[in-house]
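Asker: Whatever this is, show me its structure:
(2 chains)
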Amino acid sequence: MTVATELRESRELLVNLTLREVRGKYKRTALGQGWSLLNPIATMLIFTAVFGFLLRITVPAGNPSGVHVFALWLVCGLLPWNFVSSALTGGMGALVGNANLVKKVYFPREVLVASTVLSWDVTFLIELGVLSVALLLFGAFVLPWLPLAALYVVLLTAFGLGLGLALSVANVYFRDTSHFVGILMQIWFYATPVVYPSSYVHQAAQKLDDKGYRLFGHKVPLEFVYRLNPMERFVACFRAVFYDNRWPGFGDTVFVVLAAAVSLIAGYAIFRRYEARLAEEL
Amino acid sequence: MTAPPGNTAVVVQGVSKRFRLYHERNQSLKAALMRRRRASYEEFWALRDVSLSIESGCTYGLVGENGSGKSTLLKCIARILRPDHGRVATKGKMAALLELGSGFHPELSGRENIFLNGSILGLSKRELTRKFDEIVDFAGVEQFVDQPVKNYSSGMYVRLGFSIAINVDPEILLVDEVLAVGDAAFQRKCQEKFSEFRRAGKTVVIVSHAMESVRTLCDEVAWLEHGRLLKTGRPDEVVDEYVDAGHVDRQQPPTAATARWGSGEAQLTSVELLGTDGAPTARVRTGDAVTIRLGYRTTEPISRPVFGLALESLEGVYVWAHNTRDARWVPNLIDGDGSVDLVIDRLMLQPGTFDLSASVVTSDCTSAFDFLRRCLRFDVEVGTPRESGGFVALGGRWGFSPDDSVLTSAASRMRGGTP
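Answerer: The predicted model follows:
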């Protein structure tokens, strides 16, 4: 069987497994898919109360959209973050969670990880739809930008899928990967400008500089290091498209394309390498 | 994966599979970092340099003790495990019946699970829509098809799993002893489906401990021992040799299959099969003189009790039964402990595995004092007379008819060639 026919045959399986995930996620809950909206809404309210109201984090107005609402600004970054975080965690558990399937039936195993990531894509798209409606209500004419947004969703999916593939096999061999990743995700969350704007980091770097801090005789490269985080770039792109209604920066776009490509290629390579003994190790 | 040449469906070439036996199963990162390796383990070769090829349309049996590597080999063919050395090539669509209903999502309905499980097994949505009714019908779950499968009984669960798998309509079917599922009616349906399958010229690879079904079903058998291929050949030869080598483990039958009921005034305290030497055994030969001894104990005097015995094959076929009432041997009264014997001069059973059920019931056979279902399992090995197949040996003799007019030309040629 060639790779091409295998891919064609597994496409249908991918669709079915994704549907299984989507349908199974909120089965037996009274609100069903409503939960996929309630969760981000709750997070939004909490973060708005804490960061927008108590800590008085100030965010710029959308340029040129003119929207100036902390909650909307927050959600434009929160949704892509939530997607990556869920896709990573879900993808990581996909093999261990389907151990009985992996041990008893042959099918391309990467489909398990991919379907989990795609099921979160469904949630992500619903959330983005609701966000678009809210933005329209607040006067940001986001509609012409949605095709462009789709491109960034694809890139973010590729990025999340690559990491999910690598972590899913890692989790089979070392079960504490998942706990480890739990901590990393917290660090990563605060290293990404979701609840505060990146300009704060710029200011912090400036302050260090003013006070005369030096690293080996150079300026402390705080901002440079900060901007190496692909999620920082992704969030910048999503905010540009949804909150500002403008083209994302060229540098950011190149960066996220590279990040998505590297993550997917490396993740898949790692997956392939360790896939052979999955059925025994599970 | 390259297709095997010509008329072969499966080619296994020099396949070795190594497992790691961890001394201390440590999947923690900390331990791995501290020791700079994951865990100490021993290597264990589940398969060593196994080569065989399976013709298209052939029913191929894999036999061997537990741990001989036959299930590992099946999983290698199914591509669930990847061999460390050697290669496996297969031709055509393949379905493996390793565990039924694996991959069902408990919260989803039967209908959704059929589509899901079907696509895991490689069926397209179009094919599934076409076969949907057949699948549901075969599994007998029409009324429940829109219920979540977690509400299914275990029987329904397994039946639906089997029904989907068998309807994948593969070129090659891999089966790992899953046929012992469901009630008798469903088992019969499965057997029929299998025969249909074989008649349609599909290839079947079976792993089984039921020697009788291997003997009757298979066209060719491979015998594995400690991961090595010991012998391949015609089923009667290989199976006889295998059974003779004493490789059929005789454990007690699974408790699920056994059952006991009765009012308890009389109880069967022991059920024994005594071999030619008079000692209890679980392995006898065709034609042996054997005795079945039933020990009993009563709590009150019982008049005219009836003792009964019944024999079933492993597949649940009712082979034989006999009771003291039909034999017109009725004890007037039993009280306390004792035992009764059924003496069999020649055990006219063909080689295979049988389950014995024993009972003691009231004189009119309407209610049971004690009934032990499948309380003793024993093997019959090749003995005398040696006949070709089935359950019973009739001890018949072949010869030419005394009346010459019925001789066919073929027979006369034969006679001419035999001085």
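Asker: Assign the closest residue in space to B:Gly57 that isn't next to it in sequence to helix, strand or coil.
Answerer: Excluding the flanking residues, the one nearest B:Gly57 by CB to CB, 6 or more residues apart in numbering or on different chains is B:Gly201, at 4.1 Å. C-beta here means a position set from N, CA and C on the backbone, and glycine is covered the same way. Three-state assignment for B:Gly201 (DSSP: H, G, I helix; E, B strand; the rest coil): coil.
Asker: With the one 3 residues further on instead?
Answerer: Assigned by three-state DSSP, the conformation of B:Val204 is strand.
Asker: Bridged to it, which residues?
Answerer: Note on B:Val204: beta-bridge partners by DSSP bridges are B:Thr59, B:Leu173.
Asker: doesn't B:Gln267 make contact with B:Glu300?
Answerer: No: B:Glu300 is not in contact with B:Gln267 according to CB atoms under 8 Å; the separation is 11.7 Å.
Asker: neighbour count winner among the two?
Answerer: Set B:Glu300 next to B:Gln267 and count neighbours by other CB atoms under 10 Å in any protein chain shown: B:Gln267 wins out with 17 against 7.
Asker: Any idea what that one is bridged to?
Answerer: B:Arg297.
Asker: can you tell me which residues contact it?
Answerer: B:Tyr296, B:Arg297, B:Thr298, B:Thr299, B:Val360, B:Phe369, B:Asp370 (CB atoms under 8 Å, 6 or more residues apart in numbering or on different chains).
Asker: Which members of those residues define the maximum pairwise distance?
Answerer: B:Thr299 and B:Val360 (12.5 Å; CB to CB).
Asker: per-residue confidence at the residue nearest to B:Gly57?
Answerer: Here, the pLDDT recorded for B:Gly201 equals 84.
Asker: hang on, the earlier thing: could you flag which of the contacts of B:Gln267 are buried?
Answerer: Neighbour-count burial (16 or more other CB atoms under 10 Å in any protein chain shown) applied to the contacts of B:Gln267 gives B:Tyr296, B:Arg297, B:Thr298, B:Val360, B:Phe369, B:Asp370.
Asker: re the thing from before, shared neighbours of B:Thr299 and B:Val360, which are they?
Answerer: B:Ala266, B:Gln267.
Asker: ok now stretch A:100-111, how far from the chain's centre?
Answerer: 26 Å (CA atoms, centre = their mean, to the nearest Å).
Asker: For it, buried residues please.
Answerer: A:Leu101, A:Val102, A:Lys103, A:Lys104, A:Val105, A:Tyr106, A:Phe107, A:Arg109, A:Glu110, A:Val111.
Asker: Report the contact partners of A:Ala276.
Answerer: A:Ala276 sits in contact with B:Arg82, where contact means CB under 8 Å, 6+ apart.
Asker: Assign B:Asn66 to helix, strand or coil.
Answerer: Applying three-state DSSP: B:Asn66 is coil.
Asker: Tell me if the helix or strand hosting A:Gln186 is near chain B.
Answerer: Taking DSSP states H and E as the definition, one finds A:Gln186 inside helix A:177-190. Yes: using CB under 8 Å from any CB of the partner chain, helix A:177-190 reaches chain B at A:Thr177, A:Phe180.
Asker: Mind giving me the packing neighbours of that helix?
Answerer: helix A:70-97, helix A:146-173 (3 or more CB pairs under 8 Å, 6 or more residues apart in numbering or on different chains; DSSP states H and E).
Asker: now those as JSON lines including mean neighbour count, distance to chain B and mean pLDDT?
Answerer: Output for the helices and strands packed on helix A:177-190, formatted as JSON lines (neighbours: other CB atoms under 10 Å in any protein chain shown; distance: least, CB to the nearest CB, whole Å; pLDDT from 0 to 100):
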{"stretch": "helix A:70-97", "mean neighbour count": "23", "distance to chain B": "10", "mean pLDDT": "94"}
{"stretch": "helix A:146-173", "mean neighbour count": "21", "distance to chain B": "7", "mean pLDDT": "95"}
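Asker: Just put those in a markdown table and tack on distance to A:Trp188.
Answerer: As requested, the helices and strands packed on helix A:177-190 are exported to a markdown table (distance: least, CB to CB, whole Å):
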| stretch | distance to A:Trp188 |
| --- | --- |
| helix A:70-97 | 8 |
| helix A:146-173 | 11 |
